[in-house]
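K.L.:
sequence and predicted model, in that order:
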Amino acid sequence: MKTNIKKSSAGKKGESVRSDCYFELELTSSGGIKTEIKSKVSSMYGNSIKELIEDICRFFDIKNAKIYLEDSGALPFVLAARLELTIKRLIPKTDKEYLLPFNKKNLYTTTKDRLRRSRLYLPGNEPKFFINAGLHKPDGIILDLEDSVAPTEKDAAQFLVRNALRSVDFYGCERMVRINQLPKGLDDLKFVVPHNVHVILIPKCESAEQIKQVEEKVNHLKKEYKIKNAIYYMPILESALGIIKAYEIASASENVCALAIGLEDYTADIGTQRTNEGRESFIARSMIVNAAKAAGVQAIDTVFSDVADMEGLRQSVLEAKSLGFEGKGCIHPRQVKVVHEAFAPTPEEIEKARKIVNAFEEAEKKGLGVVSLGTKMIDPPVVKRAQRILKLVDNK
Amino acid sequence: MKLVKNAAGRLVPAEVNGQQQIPFKGVNKYKPSGNKAKPPVRTCIDYPEDGNKVVKNLKEALKKAGLKDGMTISTHHHLRNGDALTNLLFDTIKSMGVKNIRWFPSASFPVHEHLIKYLEDGTIHHIEGSMNGPLGKFTTEGKMKGVGVLRSHGGRYQAVQDGEVHIDIAVIAAPTADPFGNATGDRGKSACGLLGFALADSEYADRVIVVTDNLVPFPCIPWQIQGNNVDYVVAVDSLGDPSKIVSGTTEVTKSPDRLLIAEYVAQFIEEAGIMKDGFSFQAGAGGTNLAFALYLKERMKAKGVKARFVRGGSTKYLVQMLEEGLTDYILDGQTFDLEGVRSMRENANHVNTSPFTSYNFHGKGNFASIVDTAVLGATEVDINFNANVVTHSDGYLLHGIGGWQNCLYSKCTILAVPSFRDRIPVIVDEVTTLCGPGELIDVVITERGIAINPLRKDLIKAVKNSSLPIKSIKEIKDEVYEICGGAPAKPKLNKNKVVAIVKWVDGTVLDSVFQVLK
């Protein structure tokens, strides 16, 4: 069936919309590009908005069209993403991508064992949250293409997330994207892999095979786009099966950097309710920690969903830390500080770490192969952990 | 209109609404001399011996007060957006066929959109006060007959005291009053806290009308406004909508970015050494301001520090500090919520103040300069630390000056502002309208960093080793421009038509607001 649709739209409009915009596009047969712009920033940026629209039309070879824009203060990367989507909803066959210049501040890379105490989830189709997220200094920022995006707006989020990876300053935070559940998630990869994504979160992961599928696609894209930097995976285990397969998943690729647990779906899967005490998920969480440690990767806890309850969050982090978790998901910027404080080493831990590191440095100076503290021998991983604790203290 | 360049380099008219003006000469450079203005001599024998000054309605009172074309009528803004009296007042004036009134409110609110028809039909000639919301739009588009004059709360008192503005009739909304004219704002169904903004009006106007919706037998205690200054009393059913006069409760911002700014402010005040026993600060009721007070409170408790006084804008948060013993006094300029009103009524240490006590240019000293730190907002701040509070970057008048200019005199003035709003830069190359000279603005705190005025070497040194994100204001501006997609274009203005002027606290003209061309 072939219909002759000539009109499309994308974006958001209305009183409550901020930092976003809404486009309508109608292809015409003559008359050139006619734009109608309603913008709250028209006196300041009206001309530059018009130029951007014209440039995008030229890029996609659109010569005759009526374009209507309702702008609630969208930044250029948002305007471009929304208009590109409007065009592609009408002309889906086009392969061309309209890319704004890559922000040079976003060229940094990550490492496998980087600190991942907090990772802040941002709904992938809500640009107003993007621009300041890094200012709250989470260890990582997740642009989410999965559960926080309505099924009808999945395409919108793809363009927006791609543009955000290029334009928004992440202020040194690790750049993460949560793709959709496989197989759909595989289609998300081309929107993120070429744009310096650091970590890909793979939701509802249940097998090593899924990691391999992602890795294969990533490697393919890396080759195609000549990407050299490492891209890591953080599978999220959210089902009974996923938990049982935890070790297999954690060791599926050397680029798995952490295992995360998602409790909302897990508790639903085992047919129970999530409680604050968390007895129902104790086994699952411990299994994640064990599997992660066995595979030499980090264990990352679920999110704490009551954004008003900071004390509850603190307790939840302390409990996670006691189980062996090294990170926690955040759904609000205000949670970041609390998470970091709760994960921070205690004075006793710091004291002990200092002794270990001193002993290590002493041994190194003397050219000794074995580090010992008192009568106890210290293994290299213990030294590494102590160094990390001290680094955490110094960075504060 | 002839424009001259003032000491701040801004073009200002030499004459406005037929009155000669003095261009801004620099901060603390202008000292007028002569005597203060004085109201006419009255004698008590002209007033009812039984003290009953009640007349049957507002029209009667205005008639007796000798209302005629071209007069100056003043109102106060303690009823805020719940004010119904000012609209009723001009309905009455219109019905009496009187024209060309100079309206002299201490501030205007969106509810006064009702008055646009009277600006159009010539009942009101122009506004000297603030032109908010719809009135701002009307004025900026060049539709007002005369030129608007914007003054600070202190500047309004100054203008009345030195005779720049002579009030013919003051109409004072009083939530409680007695037949003699004693009046208070701290009780009654329209309670608003205090009536400080009406104080000058009651003392200097030719005729004073008190309008109340809660007439009590003599004496009305406390008498924030003294009946001895009042000519007539009018009882009405309602002064306005209590839910819009004070809010039931004021809430702290939930925006994580604003909270981040507030946290930086509190941290700055502590780390700069300002937060110490016996210190004082000014806090307003904006979402960020409330939050900063809460964060500062946590820090004060942690360090065992107590303030001597806090200047408000009082809210339940300041009241809690008072009641928990974290400050000896609240010196209150206006009350924003019901808890503030209750505290003022019940607690002798919650003191009502007026622009005379707070920041009057012709006072023998200035409270504002005693305050250790004031945390304020702005619509724009430029790379020379100059700030704007009355217009937005599109050139439209949107806010009044309030006490903002006066508070700049504090020992450490902090502007707590987002670096941009949506796509509108707040940190800019040059402000659209100059309201506060940069030399008085010490610190600008945004979510992207903190800029300290290079003039304040002491502050720069004090926080040098802190974890605060100190940057130059230009760095912040550059980052904002990069995010927003370059420098914002300037609004298209008709430089031949001044629609309003901004006065400095001393009565000189600091800047002009020009007509915006669509």
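P.N.:
That came through fine.

K.L.:
for the strand or helix carrying B:Glu339, buried residues please.
P.N.:
According to DSSP states H and E, B:Glu339 maps onto helix B:338-346. The neighbour-count check on helix B:338-346 (16 or more other Cβ atoms under 10 Å in any protein chain shown) flags B:338-345 as buried. C-beta here means a position set from N, CA and C on the backbone, and glycine is covered the same way.

K.L.:
tell me which element B:Lys31 falls in.
P.N.:
Secondary structure (DSSP H and E) places B:Lys31 outside all helices and strands.

K.L.:
nearest spatial neighbour of the closest residue to chain B within chain A, skipping sequence neighbours?
P.N.:
Using Cβ to the nearest Cβ, the closest approach of chain A to chain B is made by A:Gly73 at 2.7 Å. Closest residue in space to A:Gly73, ignoring its immediate chain neighbours: B:Asp422 at 2.7 Å, by Cβ to Cβ, 6 or more residues apart in numbering or on different chains.

K.L.:
check A:Leu318 too.
P.N.:
A:Ala342 (5.3 Å).

K.L.:
the one you found touches A:Arg314, doesn't it?
P.N.:
Yes. Counting by Cβ atoms under 8 Å, A:Arg314 is a contact partner of A:Ala342 at 5.0 Å.

K.L.:
quick one: name the residues of the stretch 151-300 of chain B near chain A.
P.N.:
Within reach of chain A by Cβ under 8 Å from any Cβ of the partner chain, the stretch 151-300 of chain B has these residues: B:256-257, B:259-260.

K.L.:
most neighbours, which of those residues?
P.N.:
Counting neighbours by other Cβ atoms under 10 Å in any protein chain shown, B:Leu260 leads those with 24 neighbours.

K.L.:
A:Ile389 should be in a helix, yeah?
P.N.:
Yes. A:Ile389 sits within a helix when classified using DSSP: H, G, I helix; E, B strand; the rest coil.

K.L.:
what comes into contact with the helix or strand containing the residue nearest to A:Leu318?
P.N.:
For A:Ala342, the host element (DSSP H and E) is helix A:334-343. When contacts are defined by Cβ atoms under 8 Å, 6 or more residues apart in numbering or on different chains, helix A:334-343 is touched by residues A:117-118, A:120, A:136-138, A:304, A:307, A:310, A:313-314, A:317-318, A:321, A:326-328, A:330, B:256, B:259.

K.L.:
going by distance to B:Val516, which of the buried residues of helix B:338-346 wins?
P.N.:
When those are ranked by distance to B:Val516 (Cβ to Cβ), B:Gly340 comes first, at 36.8 Å.

K.L.:
which non-adjacent residue is nearest that closest one?
P.N.:
Counting by Cβ to Cβ, 6+ apart, the residue nearest B:Gly340 is B:Ser314, at 3.8 Å.

K.L.:
residue contacts, the one you found?
P.N.:
Here B:Ser314 is in contact with B:193, B:330, B:332, B:334-337, B:340, B:343-344, B:350 (Cβ under 8 Å, 6+ apart).

K.L.:
list the contacts for the nearest residue in space to A:Leu27 that is not next to it in sequence?
P.N.:
In this structure, A:Leu27 finds its nearest non-sequential neighbour in A:Lys6, 4.8 Å apart by Cβ to Cβ, 6+ apart. The contact partners of A:Lys6, by Cβ under 8 Å, 6+ apart, come to A:26-27, A:90.

K.L.:
next step: those residues restricted to helices.
P.N.:
A:Leu90 (DSSP state H).

K.L.:
mind putting the contacts of A:Lys6 in JSON lines, neighbour count and pLDDT included?
P.N.:
Listed next are the contacts of A:Lys6 as JSON lines, based on neighbours: other Cβ atoms under 10 Å in any protein chain shown; pLDDT from 0 to 100:
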{"residue": "A:Glu26", "neighbour count": "15", "pLDDT": "95"}
{"residue": "A:Leu27", "neighbour count": "16", "pLDDT": "93"}
{"residue": "A:Leu90", "neighbour count": "20", "pLDDT": "92"}
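
K.L.:
near chain B, which residues of chain A are found?
P.N.:
A:18-19, A:40-41, A:43-48, A:72-76, A:131-132, A:135-136, A:169, A:332-334, A:396.

K.L.:
among those residues, which ones are buried?
P.N.:
The buried subset of the residues of chain A next to chain B - by 16+ other Cβ under 10 Å - is A:18-19, A:40-41, A:43-45, A:48, A:72-76, A:131-132, A:135-136, A:169, A:332-334.

K.L.:
isn't the residue nearest to A:Gly73 up against A:Ser19?
P.N.:
Yes. B:Asp422 is within contact range of A:Ser19, at 5.2 Å (criterion: Cβ under 8 Å).

K.L.:
which residues are common contacts for those two?
P.N.:
In contact with both B:Asp422 and A:Ser19: A:72-73, using Cβ under 8 Å, 6+ apart.

K.L.:
quick one, phi/psi of whatever residue of the stretch 51-200 of chain B ends up closest to chain A?
P.N.:
Chain A sits closest to B:Thr140 of the stretch 51-200 of chain B, with a gap of 11.8 Å, by Cβ to the nearest Cβ. Phi and psi for B:Thr140, reported as degrees, to the nearest 10, are phi -70, psi -30.

K.L.:
how about the contacts made by it?
P.N.:
B:131, B:391, B:395-397, B:499-500, B:513, B:515-516.

K.L.:
got these as a markdown table, with neighbour count and pLDDT columns?
P.N.:
Converted to a markdown table, these look like this (neighbours: other Cβ under 10 Å; pLDDT from 0 to 100):
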| residue | neighbour count | pLDDT |
| --- | --- | --- |
| B:Met131 | 32 | 90 |
| B:Thr391 | 28 | 96 |
| B:Gly395 | 20 | 95 |
| B:Tyr396 | 20 | 96 |
| B:Leu397 | 27 | 96 |
| B:Val499 | 26 | 98 |
| B:Ala500 | 28 | 98 |
| B:Val513 | 26 | 98 |
| B:Gln515 | 20 | 98 |
| B:Val516 | 22 | 96 |
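
K.L.:
near chain A, from these?
P.N.:
B:Gly395.

K.L.:
now tell me what touches stretch B:70-77 from outside.
P.N.:
Contacts for stretch B:70-77 (Cβ under 8 Å, 6+ apart): B:67, B:83, B:85-86, B:89, B:93, B:98-109, B:125, B:165-173, B:195, B:197-198, B:201, B:205.

K.L.:
mind checking how far the residue nearest the centre of chain B is from B:Gly363?
P.N.:
By Cα atoms, centre = their mean, chain B has its centre lying nearest to B:Gly402, at 1.5 Å. The gap separating B:Gly402 from B:Gly363 is 18 Å, by Cβ to Cβ, to the nearest Å.

K.L.:
next one: B:His126
P.N.:
Distance, B:His126 to B:Gly363, using Cβ to Cβ: 28 Å.

K.L.:
try B:Lys99
P.N.:
36 Å.

K.L.:
same thing with B:Gln515?
P.N.:
36 Å.

K.L.:
now swap in A:Ser9 and tell me
P.N.:
Relative to B:Gly363, and taking Cβ to Cβ, A:Ser9 is found at 61 Å.
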